[in-house]
Each structure stands twice: as C-alpha cells, then as structure tokens.
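Q: pasting the sequence and the predicted model now:
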Amino acid sequence: MKQNIKFRKMTENEYNNWIEWSVSDYTKSLIISGQYSEIEAQEQAREDFYSYLKNGLSTQNHYLFIVEDIDGTSVGMIWYEIENPERAFIADLLVYDEYRRMGYGRAILIELEHTLKKIGIPFIELHVFEHNNAAVNLYRKCGFTQIEVNDADAGSLYMQKRIV
C-alpha cells in the first residue's frame, strides 16, 4: 500500500515526549541484544541520546521530524544526521504501533531518499538490532544491504543503501 506522507519539524513538546519514550525503548533493545545489564543499559541509552543531541532540536546536522499522513495525522517520526557529506545516518525511525504494516515505513524511507537526493547525499546508513526482524526485513525490501563495521557490538547490524 502506497502512503502519502510529509515530514514536519518536531516541536519542543514532541521532542521531550519522544526522547523519554525512545531512551526507554533503546534501553530495552540494549538488554534484549545482550549487550548490557538493565542498569548499564539505562545509563548507556541516556548517554548515547544526550551525547548525540547535545542541543536537543537545535543540534547541528541532526534532523528530527514528525511524519504525517495526507490528513495531517502523526504516524511516526524520523531522526537522521548528516555529519559526513557522503552519507546520512538514520538514528531513529519509528512508525507508531497502530500504523505499522500499512506501508508507512517504506514511505518514510522513500521520502528521506528524495530529500537527500536533492542535496546530493549518495548513501543512507543505519543501525538496527538483529532481533528487530520487522525492521531488518523492511530495510532489506527497500534495498539496504548489510555492511561490516569494525567495532559493531554483538546483536547489531549496520546497513547501507546507495541513493545517488
């Protein structure tokens, strides 16, 4: 199913709600992957998010958007960074539970590709936990392939797609 979507800049309130939820979700993934104990995972998740987003929504080269469908309904969010002009890195992509398996994940990736092509970014990269089968399958169906990363933690996959 093809979905029409648009990216809208995240508000400060949306950012605060998202980061609280996302740190918690990332903590769970770190535990499931076997990389950290519960206490270590909580500390690591907070450290990761706040070290990358030092200035919240104003962090340079980091882009946080709410994804809306054609009716203006929020269906998910995306956070990516472009610190290297050769690639964009998807730091977080979320389709809200009630909108999953409806084509929104694919639509978000397609919209991101269009955005990045306009500014000449040739690659998209991302990290995904191996246990997240739905996400791994989505990325593969959208043309992403696994890449080797020297310091990758057990349970982690890195994937890439050439877009230009």
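A: Alright, I've got the coordinates. Predicted model only: the values in this text are computed from it and were never measured.
Q: remind me what the helix or strand where residue 20 lies packs against, helices and strands.
A: Using DSSP states H and E, residue 20 maps to helix 12-32. If contacts are counted by 3 or more C-beta pairs under 8 Å, 6 or more residues apart in numbering; DSSP states H and E, helix 12-32 sits against helix 38-52, strand 62-69. Glycine gets a C-beta too; all of them are placed from N, C-alpha and C.
Q: for residue 29, which non-adjacent residue is spatially closest?
A: residue 129 (4.9 Å; C-beta to C-beta, 6 or more residues apart in numbering).
Q: contact partners for the residue nearest the centre of the chain?
A: Most central in the chain under C-alpha atoms, centre = their mean is residue 92, positioned 2.0 Å from the mean C-alpha point. Listed by C-beta atoms under 8 Å, 6 or more residues apart in numbering, the contact partners of residue 92 are 22, 77, 78, 79.
Q: so it bridges to which residues?
A: Counting by DSSP bridges, residue 92 forms beta bridges with residue 79.
Q: I'd like the distance between it and residue 42.
A: Look at residue 92 and residue 42: by C-beta to C-beta, to the nearest Å, they are 17 Å apart.
Q: with residue 70 instead?
A: Per C-beta to C-beta, residue 70 is found 38 Å from residue 42.
Q: wait, residue 145 touches residue 157, no?
A: No. Using C-beta atoms under 8 Å, residue 145 makes no contact with residue 157, being 10.3 Å away.
Q: beta partners of residue 157?
A: Per DSSP bridges, the residues bridged to residue 157 are residue 128.
Q: if I read this right, it contacts residue 125, doesn't it?
A: No. If you go by C-beta under 8 Å, residue 157 and residue 125 don't touch, sitting 11.1 Å apart.
Q: what touches both of those two?
A: Contacts common to residue 157 and residue 125, judged by C-beta under 8 Å, 6+ apart, are absent.
Q: deepest-packed of the helices and strands packed on helix 12-32, please.
A: Highest mean neighbour count of these: strand 62-69, a mean of 20 (counted as mean count of other C-beta atoms under 10 Å).
Q: which residues does that one contact?
A: Outside strand 62-69, the residues that touch it by C-beta under 8 Å, 6+ apart are 3-10, 14-15, 18, 52-53, 57, 74-82, 91, 95, 104, 108, 111.
Q: between residue 145 and residue 157, which has more neighbouring residues?
A: Under the criterion of other C-beta atoms under 10 Å, the comparison of residue 145 against residue 157 puts residue 157 first, with 18 against 10.
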